[in-house]
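A.B. asks: following is a predicted model, sequence given first.
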Amino acid sequence: MKALIEQLPKVELHVHIEGTLAPERMLMLADQNEVRLPYENLKAVQEAYNFDSLQSFLDLYYLGASVLITELDFYHLMRDYLNDAIEQNIVHCEVMFDPQTHLARGIGFDVFMPGFIRAMREVYDESGLTVQLILCFLRDLPEADALKTLDLALPYLSDVTGVGLDSAEVGHPPLKFERAFLAARKLGLRPVAHAGEEGSSDMIAQALDVLRVERIDHGVACVEDEALRRRLIDERIPLTMCPLSNIKLCVFEQMAQHPILDLLDQGLCVTVNSDDPAYFGGNLVQNFLALYETFDVSERQLRQLVVNSVNGAFLANERKQALLDQLL
């Protein structure tokens, strides 16, 4: 099973590119770009990764992003993740990025987008790995800021597939971003949103009803609501779950409490993803291995999880079918 996990062609739908910044790369860029960090060495950075909440993680996440300054920095950030994806036999990934994190530091789309795109095109030419970008709004900022960000993104939307909603969930319901998501959908962006991670199942329902999302990122709170689970099944809404992330951020105390396989067996379209692998201790393969080691995942369950990721991707039907033919 471990060999099968490594060998199967896989799809990742929920990974934040800023969350792939390895500690070693962070320190190197901090030194190169003369950014002062409150850490003396690599060990000090690693010790800071002991989070007790989503907010404590976000504090370090934004601090880490501060070392990203030049187009080359963003190129290396994307290239590092995609190189690892190739080693994991990931054949398609949909990568989230947070423009507002960089815009607030005076770093524009004209800096980070060329870096991302160069890495994506190089890797496609070399390996065939396809990458789509999802522009995420930070939900703890005003909707007006999200709308301004969308306007700034207009010259680059040919290289963006979707729009998402991330950052601190509690106190920032999907309703807050109704106009921003309407504007994004009118531009042809495919909508997704983080919901039901630290928030309640109501956040999931609101994301579906108000933002009209096609996927829910995380969504573990659906265990609270049987009617919602039935709706998710009937409408085939993918849930891009991130097991190691949920443990690291104390959504669950231990992996044995995670509901992903129960939800899978109930017929929900749950998928496995890494979220912020540099911070949460595991890439996509390591998330699958953690599930296998805890639950003794069957081959049927493993293949269904991967099939769900393919079905949940924003890919043309022909590409989906070609990938499914390799799995079924």
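C.D. replies: Yep, that arrived.
A.B. asks: what's the neighbour count on residue 183?
C.D. replies: 16 (other C-beta atoms under 10 Å). C-betas here are computed from N, CA, C, even on glycine.
A.B. asks: for it, which residues are in contact?
C.D. replies: Contact partners of residue 183, counting by C-beta atoms under 8 Å, 6 or more residues apart in numbering, are 147, 150.
A.B. asks: can I assume it sits in a helix?
C.D. replies: Yes: counting by DSSP: H, G, I helix; E, B strand; the rest coil, residue 183 is part of a helix.
A.B. asks: can you give me the strands for this protein?
C.D. replies: 10-16, 90-97, 130-138, 162-166, 190-195, 215-218, 239-241, 270-272 (DSSP state E).
A.B. asks: what does the first one rub up against?
C.D. replies: Where contact means C-beta under 8 Å, 6+ apart, the residues beyond strand 10-16 that reach it are 81, 85, 88-98, 136, 166, 215, 217-218, 238, 240-242, 271, 273-277, 284-285, 306, 309-310, 312-313, 323.
A.B. asks: any chance of the strands of the chain in JSON lines, plus distance to residue 38, mean neighbour count and mean pLDDT?
C.D. replies: As requested, the strands of the chain are exported to JSON lines (distance: least, C-beta to C-beta, whole Å; neighbours: other C-beta atoms under 10 Å; pLDDT from 0 to 100):
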{"stretch": "strand 10-16", "distance to residue 38": "22", "mean neighbour count": "27", "mean pLDDT": "98"}
{"stretch": "strand 90-97", "distance to residue 38": "25", "mean neighbour count": "24", "mean pLDDT": "98"}
{"stretch": "strand 130-138", "distance to residue 38": "23", "mean neighbour count": "23", "mean pLDDT": "98"}
{"stretch": "strand 162-166", "distance to residue 38": "24", "mean neighbour count": "26", "mean pLDDT": "98"}
{"stretch": "strand 190-195", "distance to residue 38": "27", "mean neighbour count": "26", "mean pLDDT": "98"}
{"stretch": "strand 215-218", "distance to residue 38": "29", "mean neighbour count": "27", "mean pLDDT": "98"}
{"stretch": "strand 239-241", "distance to residue 38": "32", "mean neighbour count": "27", "mean pLDDT": "98"}
{"stretch": "strand 270-272", "distance to residue 38": "34", "mean neighbour count": "28", "mean pLDDT": "98"}
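A.B. asks: minimum distance to residue 123: which of the ones you listed has it?
C.D. replies: Among these, strand 130-138 comes nearest to residue 123, with 7.1 Å by C-beta to C-beta.
A.B. asks: name the strands paired with the closest one and say parallel or antiparallel.
C.D. replies: Strands that pair with strand 130-138, judged by DSSP bridges, come out as strand 90-97 (parallel), strand 162-166 (parallel).
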